[in-house]
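Student: sequence first, then the predicted structure:
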Amino acid sequence: MLDTSLWLDFLVLAALLLLSAFFASVETAFLSISRARMRKLADSKAPNAKLLLELKSRPHSTLVTILVANNLVNVTAASVATALALQFVPGNFGIAISAGIVTFTLLVFGEITPKSIALKHNAVIALRSAPILNFLRVALAPVVFILVQISGFLARLVVHESEEQKLTEEEIKALVSIGAEEGAILDEEKDMIHKVFQLNDIEVSQVMTPRNRIIALKSGLLVKDLEVGELKEHARFPVYRNGLDDIIGVFYVRDYLGVAGGSGGRVPVDSIMRSPLFVHGQRRINSVLRKMQEKKVQMAIVVDNKGKTTGLVTLEDVLAEIVGEIGEMA
């Protein structure tokens, strides 16, 4: 019959195995849960979500804390198991048996099983373990600090800062596709995100309204002489002096509505027009979009190398590349 001390050793070993499983699951949960998921949990005021976000903002120190605690537990478990084995099988054979049993037990019950569970329930495990993890981070702070500095120094020797891996466009698109496959985002949203990246590959000339379809107004034309249908169909018009190669401004219908008063439409379009924005047809539309935002305009005149007008592009044209055709005034 086993005496009390042996039972106590077995209980200690069982407790250490549980702790090993705990730290293994916490490590996997912490590494697998995304920052976006944590922010969503924090917004929904889930318990410990803000604390978890704080831990995630210090990934190196948090991970080192988990690894230090887990290794201390595993080393202690191996020592206790060896002491137990030697009481039944003395000598080197007993040590070999204990090493084999401990390795198998830790691998199955302290690593594989808890980590598999943590992958499926990372949010629950991460939230519930956050207070314990934070306590250990504070308690082990001196040891963690030293190890973080040493590991950081060694990492810099191997990988230069300029060589550190950055998330590429293709990786972001792959993550978005995975999100769509898992139902996290809609297919339409996936397509829109992919199209945003394509803006850098599309020239303005590919999306512009060509010259022969431009509806422009001659300088000096009174607003009252405009066709009612044109005012309903379009929100802005280029204004020219001697032809489409001599565009001097852009007339915005809403600008006229703001100052019309009792004029009865006897207002020349060029008196309230805005300065035109000219862009080359070979410019990428993401660049043109930034320029429009900078100048706070919704239309740009597209020109060629000789400065001749080849078309016009509107904010709606650019957005249509992302979300499809927009049924608003152009």
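Tutor: Structure's in. What do you need? Residues are numbered from 1 along each chain as shown.

Student: now stretch 175-182: mean pLDDT?
Tutor: Stretch 175-182 shows a mean pLDDT of 72.

Student: so what touches it?
Tutor: Residues from elsewhere that reach stretch 175-182 (C-beta atoms under 8 Å, 6 or more residues apart in numbering): 185, 186, 187, 189, 190, 193, 194. Using the backbone N, CA and C atoms, a C-beta is placed for each residue, glycine as well.

Student: distance-wise, check the nearest residue to the third one once chain neighbours are set aside relative to residue 61.
Tutor: Once flanking residues are discounted, residue 187 sits nearest to residue 180: 5.5 Å by C-beta to C-beta, 6 or more residues apart in numbering. As judged by C-beta to C-beta, to the nearest Å, residue 180 and residue 61 stand 35 Å apart.

Student: and the contacts of stretch 175-182, which two are the farthest apart?
Tutor: Farthest-apart pair in the contacts of stretch 175-182 is 186 and 194; separation 12.8 Å (C-beta to C-beta).

Student: which residue of those two possesses the greater neighbour count?
Tutor: residue 194 (16 against 11; other C-beta atoms under 10 Å).

Student: could I get the pLDDT score of that one?
Tutor: For residue 194, the pLDDT comes out at 75.

Student: what does whichever helix or strand it is part of contact?
Tutor: Using DSSP states H and E, residue 194 sits within helix 187-198. Where contact means C-beta under 8 Å, 6+ apart, the residues beyond helix 187-198 that reach it are 169, 172, 173, 176, 177, 179, 180, 321, 322, 323.

Student: direction included, what does the helix or strand just after it pair against?
Tutor: For helix 187-198, the following helix or strand on the C-terminal side (DSSP H and E) is strand 209-210. Sheet pairing of strand 209-210 (DSSP bridges) gives strand 309-314 (antiparallel).

Student: list the contacts of the strand it pairs with.
Tutor: For strand 309-314, using C-beta under 8 Å, 6+ apart, the contacting residues are 204-205, 207-211, 213-214, 236, 238, 244-245, 247, 279, 281, 285, 288, 298-304, 330.

Student: list the buried residues for stretch 137-151?
Tutor: In terms of neighbour count (16 or more other C-beta atoms under 10 Å), stretch 137-151 has its buried residues at 137, 140, 144, 147, 148.

Student: with adjacent residues omitted, what lies nearest to residue 84?
Tutor: residue 9 (5.3 Å).

Student: oops, could you answer that again for residue 32 instead?
Tutor: In space, residue 32 comes closest to residue 122 once its chain neighbours are excluded; the distance is 4.7 Å by C-beta to C-beta, 6+ apart.

Student: report pLDDT for the one you found.
Tutor: Reading off the model, residue 122 has pLDDT 87.

Student: go on, residue 51?
Tutor: Residue 51 is assigned 86 on the pLDDT scale.

Student: pretty sure it sits against residue 131.
Tutor: Yes - in this structure, residue 51 is within contact of residue 131 by C-beta atoms under 8 Å, at 6.7 Å.

Student: just give me how far the helix holding residue 194 sits from the chain centre.
Tutor: With C-alpha atoms, centre = their mean, to the nearest Å as the basis, helix 187-198 stands 14 Å off its chain's centre.

Student: repeat that for stretch 86-105.
Tutor: Computed by C-alpha atoms, centre = their mean, the chain-centroid distance of stretch 86-105 equals 49 Å.
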